[in-house]
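K.L.:
quick one, fold the following:
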Amino acid sequence: MNKGNIFVVTAPSGAGKTSLVRALLEADQQVQLSISYTTRAPRPLELDGKDYHFVSEATFMEMLERGDFLESAQVYGNRYGTSQPWIEGVIGSGADILLE
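P.N.:
This is a model prediction of the structure:
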């Protein structure tokens, strides 16, 4: 079985990233969207596991120390990270991943 690919979608705010990602997800069931972990509080209408994985600072730091993140950053005092085990599992199954 072939491994999947990772595609990074990046652009300035308002450029249409979300519209592009939605169209790609609708067009190909083998494409999955990576959902980041974050320490920030959920905004109205955001759902845990759909928009982000909302975790405490302590949980995030434990994950970081274990090497669970492919990449992580701190932005305006909040931490964000992409799960490396999840990424490896998805591409290992042959599916593609979008990182937004």
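K.L.:
doesn't residue 82 make contact with residue 38?
P.N.:
No - judged on Cβ atoms under 8 Å, residue 38 makes no contact with residue 82 at a distance of 10.7 Å. For the C-beta atoms, the positions are set from N, CA and C on the backbone; glycine is no exception.
K.L.:
show the average pLDDT along the strand or helix carrying residue 89.
P.N.:
Assigned by DSSP states H and E, residue 89 belongs to helix 84-92. When pLDDT is averaged over helix 84-92, the result is 96.
K.L.:
buried ones in the following helix or strand past it?
P.N.:
Remark: after helix 84-92, the chain's next helix or strand is strand 96-99, criterion DSSP H and E. Buried residues in strand 96-99, defined by neighbour count with 16 or more other Cβ atoms under 10 Å: 96, 97, 98, 99.
K.L.:
off-centre distance for strand 96-99?
P.N.:
Here strand 96-99 is found 8 Å from its chain centre; the criterion is Cα atoms, centre = their mean, to the nearest Å.
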